[in-house]
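Student: Next input, structure requested:
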Amino acid sequence: MKLRSYARLLALSLVVVSGIVIAWGPAGAQGAARERETGTLTFTPQLNGRPGASTPINHVLKGTIFDASSPGASASCSSAGCSAYAQMYLESVVCPRIAGATCTYQITIQSQNHAGSNDGKLGEEGLYQFLVDGVAPTPGPVASSCACYTWSGASRLFSLPIRGTSYAVTATVTNNSANQAHSIAVNIGCSETRGNISGCFAGSGFANLSIATYTP
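Tutor: This next block holds a predicted model:
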């Protein structure tokens, strides 16, 4: 009698557990489908249970420069829809390889910045601009229109007086000659996006720049 009661209890438990699993499975799938439809999640291919489907390429660190000598820079313009940039750093960094070979630079800027409208009424965009051999770094990432990264978005109120910001980009270069020195410029800038005829300004204070050189 006890054995039959135990068997019935076990069977009932399995039904309940199965019901939970069955109920959860479709709900989870529906939730994932909704997230895909709304674009709230980015699905990454899995390789052996881990993100990423490509094999990383090993790189060798050849050296890093560190520069904290920037005295500060300021940029401004004075019309609606304008933009302006001022140089914070300009470095010349050697790629220690033969002609036709590549190097990869990891460029990291950290600085105290401020940005806003010239009449002090509105917030405006504050930007970092990155140029490697005079053009936008690849793969970056940077905005294609200005080779820049926005560290301060325009807001309804005047931007904070000072904020600490940091950003890093990656640049792959190809030597035209052996041991070629490549120019790397980091600028600070502003962009007037509110239709304010007074324009915008941006400025930097204490800053430091590091550039690591890697070879494949």
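Student: ok, residues contacting stretch 87-94?
Tutor: 65, 67, 70, 73, 105, 109, 111, 179-188, 204, 207, 209, 211, 213 (CB atoms under 8 Å, 6 or more residues apart in numbering). Any C-beta I mention is one placed from the backbone N, CA and C, and that applies to glycine too.
Student: average pLDDT across that stretch?
Tutor: Averaging pLDDT along stretch 87-94 gives 97.
Student: quick one: buried residues of that stretch?
Tutor: Met88, Tyr89, Glu91, Val93 (16 or more other CB atoms under 10 Å).
Student: swap in stretch 192-206?
Tutor: Glu192, Thr193, Arg194, Asn196, Ser198, Gly199, Cys200, Phe201, Ala202, Gly203, Ser204.
Student: That stretch: end-to-end distance?
Tutor: End-to-end distance for stretch 192-206, by CA to CA, to the nearest Å: 24 Å.
Student: Ile188 is in contact with Ser83, correct?
Tutor: No: when contacts are counted by CB atoms under 8 Å, Ser83 is not listed as touching Ile188 (11.7 Å).
Student: Which neighbours do these two have in common?
Tutor: Leu127.
Student: Compare those two (neighbour count), which wins?
Tutor: Ile188 (31 against 21; other CB atoms under 10 Å).
Student: these two touch, right, that one and Leu127?
Tutor: Yes: assessed by CB under 8 Å, Ile188 is found in contact with Leu127 at 7.1 Å.
Student: shared neighbours of these two, anything?
Tutor: Common neighbours of Ile188 and Leu127 (CB under 8 Å, 6+ apart) are Tyr85, Ala202.
Student: Next, count neighbours for the closest residue to His59 other than its chain neighbours.
Tutor: Closest residue to His59 apart from its sequence neighbours, by CB to CB, 6 or more residues apart in numbering: Tyr214 at 3.9 Å. Residues near Tyr214, counting by other CB under 10 Å, number 20.
Student: Check Leu61 too.
Tutor: Around Leu61 there are 10 residues (other CB under 10 Å).
Student: Three-state assignment for it, please.
Tutor: Following DSSP: H, G, I helix; E, B strand; the rest coil, we place Leu61 in the strand state.
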